[in-house]
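# With the input below, show me the fold.
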Amino acid sequence: MGRDSVRPNYRVVVLGSASVGKSSIISKFMHDRFLQSHKETIEELHIHVMRCDNVSVEIDILDTSGSYQFPAMRKLAIATGDAFVLVYSVDNMSSFETVKMLRDEIREQKTKGKYSIVVVANKVDLEPFKDTTCAVTESIVCIDWEEKFVFASAKTGENVHEVFRALENKIIERIKLEEKRLNFIRRISMPVMRIAKSEKSTVGLIQTKSRAHSMDS
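Residues are numbered from 1 along each chain as shown. Down below sits the predicted model:
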């Protein structure tokens, strides 16, 4: 790979109920800025460039609506996603029920299983809620679902980068596995090419001898 090689885009889709802090998490990660006022998001696309060895990898971060008036948009977002950040708020346990529903929807659509999920418990700066709710949800996510779970606060910035670092690590794993697969294909195809060239040379030699023989006779 050249120094300026660029990989195809990977898409990270951020999903969750309204007002759980999806846009704030993205803003904190991308711009180190916390959104003070809440504005309902329909759909916004952000571009993050990640470096893997000498390769630049563009990651599309899709911020989706927390409103479920747009099922077709949500279905399309899931269909085009390579990884998913499922966000709920620790002061709103019904938002974790939404995360459960979203995970089921992802599993239903992405039947081949080639995707990653990180579940984010946002607003852990609200201490009264942190201890009472997170132990149960962390157990469900980590043990029952076997997915990555991150405590975070878009307001303070706590663990926000950890959310996307976990996904970057998964993407790097996929890039390296793909590179190994391509190298393997190249390696097993090279002897076939050499044999084909050798056979072609032999045929040419036989034809040359045949012509020489006919000239002598």
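
# Just checking the distance from the helix or strand hosting Ile117 to the centre of its chain.
Assigned by DSSP states H and E, Ile117 belongs to strand 116-122. Relative to its chain's centre, strand 116-122 lies at 13 Å (C-alpha atoms, centre = their mean, to the nearest Å).

# What helices and strands are in contact with that strand?
Counting contacts by 3 or more C-beta pairs under 8 Å, 6 or more residues apart in numbering; DSSP states H and E, strand 116-122 is packed against helix 22-31, strand 83-89, helix 94-109, helix 127-139, strand 148-151, helix 160-216. C-beta here means a position set from N, CA and C on the backbone, and glycine is covered the same way.

# so that strand versus strand 83-89, what angle?
20 degrees (axes from the mean of the first three to the mean of the last three C-alpha atoms, to 10 degrees).

# Just want the most central residue of the chain.
The residue at the geometric middle of the chain, judged as the C-alpha nearest the mean C-alpha position with C-alpha atoms, centre = their mean, is Ala83 (3.4 Å).

# Quick check: that residue touching Leu167?
Yes: with contact taken as C-beta atoms under 8 Å, Ala83 and Leu167 are classed as touching, separated by 4.8 Å.

# Need the residues touching each of those two.
Among the neighbours of Ala83, those also in contact with Leu167 (C-beta atoms under 8 Å, 6 or more residues apart in numbering) are 12, 116, 118.

# show me what contacts the residue nearest to the centre of the chain?
Here Ala83 is in contact with 10-13, 115-118, 167, 170-171 (C-beta under 8 Å, 6+ apart).

# Low-confidence bits of the chain, can you list those?
Of all residues in the chain, those with pLDDT under 70 make up the ranges 1-8, 37-39, 69, 127, 129-133, 190-217.

# how does it look with 50?
Per-residue confidence for the chain (pLDDT under 50) gives these ranges: 1-4, 205-206, 212, 214-215.

# Mind putting the shared contacts of Ala83 and Leu167 into JSON lines with distance to Ala135 and neighbour count?
Compiled in JSON lines, these are given as follows (distance: C-beta to C-beta, whole Å; neighbours: other C-beta atoms under 10 Å):
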{"residue": "Val12", "distance to Ala135": "27", "neighbour count": "24"}
{"residue": "Ser116", "distance to Ala135": "24", "neighbour count": "20"}
{"residue": "Val118", "distance to Ala135": "18", "neighbour count": "24"}
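
# Lovely, talk soon.
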